[in-house]
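Q: give me a model of this one.
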Amino acid sequence: MDALDSYSYYLEIITLIIGLVRYKEYRYFKFRYILYFLAYVVLNNLFLEIFNTYLGSATQFFHALYTLIYFAFFLLWYQSLLTNKHRKRIVNIFLIIFIVFWIYDVFLLEGFQQIFTRYSFSLGTFLLIIAVVFYFIEMLKRNVVLNITRSPYFWVSFGILVYCATYFTFYITSLILSTENPVILSVLLFLIHSIQFCCFAIAFIRADRKKLEHPL
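A: Predicted coordinates:
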């Protein structure tokens, strides 16, 4: 599993480099926050790798914190992209629900015994799927639908949707069957994580300041 994690980390770094090279194309658009988030992911994983030996089980806190930051960031990001006030309000409610549940999960339900808080992670995937669907609905109502695969927002959203939908389906299936294989879960997370960051890389390549939506 360590080998899989290392390959995934290299992919994150490559995607970050592509994003930095292409930064001038989207620096005045909300898409730039994806680069900032990716930089956090790379630095967070580097920190965990370096200090894992010294901090031991204490690093589990940073895994739990990553779950919080990942879903809170994307819920906020999609809330900023949406134009429909009703949908924006719903996503805001999702964010509050997720943060409250994360606090409950970390401090009362699972604690820091888990590498990542699976209950919060599962709830986050479900809420984020809805937020992504909201954004796709709005994309389909705009002219961008004619060239949807040229939009970096499409590729980011597609990567997130694959990541969240696949994990959520796996988790629900494991609950129904009352079994969960940690090896299969680890491989699954590696695969969908790789798909997600490949989509991010495509999004950076597709970014064109002359055609990009959502200026700051």
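Q: distance check, Phe73 against Val41.
A: 10 Å (Cβ to Cβ, to the nearest Å). Glycine gets a C-beta too; all of them are placed from N, C-alpha and C.
Q: neighbour count for the two, which is higher?
A: Val41 (19 against 15; other Cβ atoms under 10 Å).
Q: contact partners for Tyr167?
A: Phe121, Ser122, Thr125, Leu188, Leu189, Ile192 (Cβ atoms under 8 Å, 6 or more residues apart in numbering).
Q: I figured the first one hits Thr67, correct?
A: In other words, Phe121. Yes: with contact defined as Cβ atoms under 8 Å, Phe121 reaches Thr67; the gap is 5.3 Å.
Q: where does this protein have low pLDDT?
A: Low-confidence segments of the chain (pLDDT under 70): 1-6, 52-59, 109-117, 143-146, 177-182.
Q: circling back to that earlier point, neighbour-wise, which one of the contacts of Tyr167 leads?
A: Busiest of the contacts of Tyr167 [other Cβ under 10 Å] is Phe121, holding 24 neighbours.
Q: mind listing what it touches?
A: Shown in contact with Phe121 (Cβ under 8 Å, 6+ apart): Thr67, Tyr167.
Q: tally of neighbours for Arg118?
A: Number of residues near Arg118 (other Cβ under 10 Å) recorded here: 17.
Q: wait, it sits on Tyr171?
A: Yes: with contact defined as Cβ under 8 Å, Arg118 reaches Tyr171; the gap is 7.2 Å.
Q: let me see the ranges of the strands in this protein.
A: With DSSP state E as the criterion, the chain has no strands.
Q: how far away is the closest residue to Leu68 other than its chain neighbours from Arg118?
A: In space, and not counting its chain neighbours, Leu68 is closest to Trp102: 5.1 Å by Cβ to Cβ, 6 or more residues apart in numbering. Using Cβ to Cβ, Trp102 is found at 12 Å from Arg118.
Q: what does Lys211 give?
A: Taken as Cβ to Cβ, the span from Lys211 to Arg118 is 39 Å.
Q: run through who's touching stretch 209-216.
A: 24-26, 28-31, 80-81, 144, 150-153.
Q: for PyMOL, write a command that selects the buried ones of those.
A: In PyMOL, a selection of the buried entries from those looks like this (16 or more other Cβ atoms under 10 Å):
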select buried, resi 25+26+29+30+31+81+144+151+152+153
